[in-house]
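Asker: just the structure for this:
(chains A and B)
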Amino acid sequence: MQVQPAVDFSASFGPARNQGQRSTCMAFAMSDLNRDAAAAPAALSAEFLYQTAGALTPGWRPGQGLRTVEAIRATQAPGQPLDAHFPYQAVDPISTDHPVAPAGQPLYASAFALRSPAMQPIIDALTRGHAVGLVTRVTLGLFSPVGGVVRNEVNVLPGQYHALLAVGWGTAPSSGMRHLLVRNSWSEMWGLSGHAWLPEPFVNLHVVEVFGR
Amino acid sequence: MNLRDQLLQASKRASAVLADVGAQQRVRDSGYSRIDPVAIAEGGGVPVMVRPLDKLLGAFLNPEGSPGILVNSQRPIGMVHLTCAHELGHYFLGHETTTDEHIEYGEGASPSERAANEFAYRLLMPRWLVVHVMKQKGWSLTDLPRPEVVYQLSLRLGVSFRAMVWSLRSIKFLTLPLATQIAAHSPKALKEAVLPDRRAPAEGGDVWVLDPRDQAFIIEPRAADRFILELPNHAGAGYVWTAEEASSAGFAIKPVVVDATRHDLESGPVVVGSSATLSYELEPSAAATSTDAIQPLGLTETQPWNRGAPRDHVGLRAHYETLVEGLSRGTRQRRLQEAR
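Answerer: Residues are numbered from 1 along each chain as shown, chains lettered A, B, ... in the order given. Alright, predicted model coming up:
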């Protein structure tokens, strides 16, 4: 392996999920973060969170992405049911109304906040055992990790942002460079079973928002 | 006949010529979006010679009842088309031999020149064709005050930007103040504004902004032209567009990217997920630009690591316009047939 893990709790989240063609990456990253923080017994409903956060966003239309701040609010109240009780859909909802929570099922909620987008605080949180949400610009290399590592590059697709969940960190033995291990929502076929390593220069340049406990 | 009647007659003659050649049906059935004045001249037995000229834009020659058209090849392609249509106006309106250093005739010009100009405008930019292209592109009258829309409209009709502006004015799609304001924009600046490197193509090349609505057309670019594709976007879900090998030989596309170290990209909270569209640059090979045939350009949006992912498809078509100096292609073929 090109990166030696120092912390890796990726296995505790189960197989990487697949958002399909929808703009729901934030809902997936936030759901897994909430699952970790709220000690939910299984995957939480990204669909419920997407619809709730969308309903909280002024002028939002189904199919559009989410802002981190509304996703945080939706996670705190009302929270989320399990994915099994409000399953993910292949297509976007028609309505912008708040979704109706499944009757008789618990909702899992957590209080998150925006955090410093610097490498060391992220590593500190991971070392404490806390997953960390990331919002990164989208590079072409992000589509095709090589050996499980996303290459560092300065060029980005303008106006494109993607949410990931940091679930570990490690160091490349050859260079000593620190990397974050991220869990994606682009299916298990992406990277290393749906995960990849982001090198520190990539994080420093392209991660624009960090959210978590 | 007074000037008003002459202009009216020129307009009607242009409409009649379009009807005779079945222009509306050709546009509707084939996907070509411009009227080809060279083809109309050739079809009417009027040879067209294209060559570099010092000062002249073009000429209508009619020695002893043997008509011919001369067009300066050293002008932008929209002007070449308009010049040919103007000279064709002299022919269809029964004028004598005439040479033209310019064809944007004002009120001081002779009635025959103004009539030929009216003919040219009505031939290349008839109201029904403007409406057809706008409808296919989803443009309404409220989009026309945007100079970049008028420029893209002009490309699909094969005319110059300014001719398009004044044609829109003449069919009352623009008010005079708006037309004056739009005509003041530089086509070069409009081209540069949409290109990532902000460099307008050399040799007066144009910049086409294409989107899935252009699937309705066969676009007719020239070798120096450049292309920006505005495509539906799911990059936040890991999807990117690529040119299909089987149906896009000679074309490649690449996403337009920006250097994050040189731009202030975020000014507040960002929307996480895909935006509605993403820009790609289309790059044709030299072989593609010199091919005289309709070339398909098939594009697929998929996840690079997952060829089995659901795919969206866009199919465009291009027929490069090659301007060969000398007798036009149709005229040469006709002469050869006559010699056999």
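
Asker: for chain A, see how far away the residue nearest to B:Lys55 when sequence neighbours are not counted is.
Answerer: Of all residues not flanking B:Lys55 in the chain, B:Glu101 sits nearest, at 5.6 Å (Cβ to Cβ, 6 or more residues apart in numbering or on different chains). C-betas here are computed from N, CA, C, even on glycine. Distance of B:Glu101 to chain A, given as Cβ to the nearest Cβ, to the nearest Å: 45 Å.

Asker: who touches B:His95 in this structure?
Answerer: Listed by Cβ atoms under 8 Å, 6 or more residues apart in numbering or on different chains, the contact set of B:His95 reads B:60, B:62, B:89, B:112, B:116.

Asker: can you name the element that comes right after whichever strand or helix holds the fourth one?
Answerer: Going back to what we said before, that points to B:Ser112. Using DSSP states H and E, B:Ser112 sits in helix B:111-124. Downstream of helix B:111-124, the next assigned helix or strand under DSSP H and E is helix B:127-137.

Asker: in JSON lines: the contacts of B:His95, plus distance to B:Glu301 and pLDDT.
Answerer: Output for the contacts of B:His95, formatted as JSON lines (distance: Cβ to Cβ, whole Å; pLDDT from 0 to 100):
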{"residue": "B:Phe60", "distance to B:Glu301": "50", "pLDDT": "93"}
{"residue": "B:Asn62", "distance to B:Glu301": "55", "pLDDT": "86"}
{"residue": "B:Gly89", "distance to B:Glu301": "46", "pLDDT": "95"}
{"residue": "B:Ser112", "distance to B:Glu301": "54", "pLDDT": "89"}
{"residue": "B:Ala116", "distance to B:Glu301": "48", "pLDDT": "94"}
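
Asker: hang on, B:Thr291 is in a helix, isn't it?
Answerer: No - B:Thr291 is assigned coil when assessed by DSSP: H, G, I helix; E, B strand; the rest coil, not a helix.

Asker: low-confidence ranges in chain B?
Answerer: Scanning chain B for pLDDT under 70 picks out the ranges B:104-105, B:246-247, B:335-336, B:338-340.

Asker: for chain A, what's the nearest residue on it?
Answerer: Per Cβ to the nearest Cβ, B:Gly273 is where chain B lies closest to chain A, at 2.3 Å.

Asker: just give the closest residue to that residue, not the sequence neighbours.
Answerer: A:Gly65 (2.3 Å).

Asker: quick one: the residue nearest to B:Ser274 when sequence neighbours are not counted from A:Phe143, how far?
Answerer: Nearest residue to B:Ser274, sequence neighbours excluded (Cβ to Cβ, 6+ apart): B:Gly236, at 3.9 Å. Using Cβ to Cβ, to the nearest Å, B:Gly236 is found at 11 Å from A:Phe143.

Asker: of these two, who's got more company?
Answerer: B:Gly236 (28 against 19; other Cβ atoms under 10 Å in any protein chain shown).

Asker: endpoints of stretch A:113-133, how far apart?
Answerer: End-to-end span of stretch A:113-133 (Cα to Cα, to the nearest Å): 10 Å.

Asker: in it, what's buried?
Answerer: By neighbour count with 16 or more other Cβ atoms under 10 Å in any protein chain shown, stretch A:113-133 contains the buried residues A:115, A:117, A:119, A:122-123, A:125-126, A:130-133.

Asker: from these, pick the one nearest chain B.
Answerer: A:Gly133 (9.9 Å).

Asker: hey, what's the closest one bridged with?
Answerer: A:Leu165, A:Phe211 (DSSP bridges).

Asker: hang on, it packs against A:Leu165?
Answerer: Yes - with contact defined as Cβ atoms under 8 Å, A:Gly133 reaches A:Leu165; the gap is 5.8 Å.
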